[in-house]
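Participant: no sequence on this one, just coordinates:
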Ligand SMILES: [Fe+2]
Ligand SMILES: [Fe+2]
Ligand SMILES: [Fe+2]
């Protein structure tokens with residue numbers, strides 16, 4: 001994270017925003033991966049902000065969602081200032097022990113708080129931007145306190161050495177599990193593809209509609225990560241390398257390239273992606289017995305069919321109404 005100490009020009013402001021965006025994309029994935037590497041309802045801590053005993057996993061997911069909104073804000077402001085948001089990310093890491101992941105998360109929060117609060121702005125220059133960074137930094141301070149309390153609880157309990165969930169090697173070979181991994185990756189990609197078009201569309205109508213679909217895909221990605229655990233597997237870090245200390249690291253945790261540069265080509269590219277995803281869900285649902293997992297997968301396929309319906313309609317309108325860009 002390169003530090004920015006002064007903001008006296010639009011270029012310096014954009015440099016800070018791009019650094020911030022790389023961080024926010026990374027943690028929005030990293031925290032969800034850390035959360036879905038531990039079982040549900042097993043590790044609890046006393047939260048100092050909401051004064052309640054909470055599930056570490058559930059709260060880590062909530063913090064990850066805050067980071068997605070931060071990323072969205074950064075991307076929108078980059079666009080407004082004439083820059084180009086990218087999907088490059090800082091490194092995403094998963095350590096074998098839960099407490100090491102939480103330590104990393106807290107450390108990242110402290111670094112980014114400093115990044116956001118440190119710059120001196122030329123007097124009267126970009127007060128809204130300065131205000132946005134301060135407001136977001138307040139979230140980061142809260143996150144740091146919350147991660148700090150999680151670490152404290154684990155370290156003073158018998159669970160200090162608790163490890164991330166270990167996948168069952170047999171489950172990892174099963175057709176349903178392999179297919180669910182593919183689907184989960186596609187959901188993650190589609191979430192970012194829709195967001196990409198939200199960030200790149202100057203028109204609120206397309207932006208708002210695609211944002212809804214993006215949030216749906218994010219929820220599917222999130223739920224699928226939980227289903228993988230139930231099936232004895234574990235959410236993957238894309239294109240990761242494994243180090244001798246057992247940690248996994250990646251700089252390419254999500255795709256960087258997204259096809260479709262204008263309204264028409266964006267819509268044309270999203271349709272086949274939705275169709276493919278629906279077909280994969282159909283195959284998977286046929287492999288899974290009746291019950292909770294199948295019911296959850298059905299919710300996802302129904303929402304994706306709804307997306308397909310909407311995307312077809314948007315494409316039809318974009319083709320018939322004259323003068324649209
Ligand atoms: Fe953030
Ligand atoms: Fe944060
Ligand atoms: Fe969809």
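Facilitator: On my side now, so go ahead. Note that the structure is a prediction, hence the values are computed from the model and not measured. Ligands and ions are numbered 1, 2, ... in the order given.
Participant: which single residue of the stretch 1-150 of the chain ends up nearest ligand 3?
Facilitator: Using CB to the ion, the closest approach of the stretch 1-150 of the chain to ligand 3 is made by residue 68 at 16.9 Å. Every residue, glycine included, has its C-beta placed from N, CA and C.
Participant: quick one: which helix or strand includes that residue?
Facilitator: When elements are assigned from DSSP states H and E, residue 68 belongs to helix 56-80.
Participant: return the set of buried residues in that helix.
Facilitator: Across helix 56-80, burial judged by 16 or more other CB atoms under 10 Å covers 56-57, 59-61, 63-68, 70-75, 77-79.
Participant: please apply the same query to stretch 49-57.
Facilitator: Using 16+ other CB under 10 Å as the burial criterion, the residues of stretch 49-57 that qualify are 54-57.
Participant: ends of that stretch, how far apart?
Facilitator: One end of stretch 49-57 sits 16 Å from the other (CA to CA, to the nearest Å).
Participant: any idea how far that stretch is from the middle of the chain?
Facilitator: Offset of stretch 49-57 from its chain centre (CA atoms, centre = their mean, to the nearest Å): 21 Å.
Participant: same question for stretch 294-311.
Facilitator: Taking CA atoms, centre = their mean, one finds stretch 294-311 lying 20 Å from the centre of the chain it belongs to.
Participant: touching ligand 3 at all, it?
Facilitator: Yes - interface with ligand 3: stretch 294-311 contributes 304, 307 (CB under 5 Å from the ion).
Participant: average model confidence for the helix or strand harbouring residue 269?
Facilitator: According to DSSP H and E, residue 269 maps onto helix 263-287. For helix 263-287, mean pLDDT is 92.
Participant: buried residues in that helix?
Facilitator: For helix 263-287, the neighbour count (16+ other CB under 10 Å) marks 263, 266-268, 270, 273-274, 277-278, 280-281, 284-285 as buried.
Participant: same check, this time on stretch 32-48
Facilitator: Using 16+ other CB under 10 Å as the test for burial, stretch 32-48 gives 32-38, 43-45, 47.
Participant: strands - which of the residues you listed land there?
Facilitator: When the buried residues of stretch 32-48 are checked against strands (DSSP state E), the matches are 44-45, 47.
Participant: number of nearby residues for the residue in the stretch 201-325 of the chain that ligand 3 sits nearest to?
Facilitator: With CB to the ion as the measure, residue 307 is the residue of the stretch 201-325 of the chain nearest to ligand 3, at 3.4 Å. By the criterion of other CB atoms under 10 Å, residue 307 has 24 neighbours.
Participant: pretty sure it sits against residue 216.
Facilitator: Yes - assessed by CB atoms under 8 Å, residue 307 is found in contact with residue 216 at 7.0 Å.
Participant: secondary structure element holding the one residue in the chain that gets nearest to ligand 2?
Facilitator: Minimum separation of the chain from ligand 2 (CB to the ion) falls at residue 143, amounting to 3.7 Å. Here residue 143, judged by DSSP H and E, is contained in helix 127-155.
Participant: now stretch 167-186: buried residues?
Facilitator: For stretch 167-186, burial by neighbour count (16+ other CB under 10 Å) applies to 167, 176-177, 179-181, 183-186.
Participant: Serialize those to JSON lines and add fields for secondary structure and distance to residue 98.
Facilitator: Formatted as JSON lines, the buried residues of stretch 167-186 follow (DSSP: H, G, I helix; E, B strand; the rest coil; distance: CB to CB, whole Å):
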{"residue": "167", "secondary structure": "coil", "distance to residue 98": "15"}
{"residue": "176", "secondary structure": "helix", "distance to residue 98": "27"}
{"residue": "177", "secondary structure": "helix", "distance to residue 98": "23"}
{"residue": "179", "secondary structure": "helix", "distance to residue 98": "28"}
{"residue": "180", "secondary structure": "helix", "distance to residue 98": "23"}
{"residue": "181", "secondary structure": "helix", "distance to residue 98": "22"}
{"residue": "183", "secondary structure": "helix", "distance to residue 98": "26"}
{"residue": "184", "secondary structure": "helix", "distance to residue 98": "21"}
{"residue": "185", "secondary structure": "helix", "distance to residue 98": "24"}
{"residue": "186", "secondary structure": "helix", "distance to residue 98": "28"}
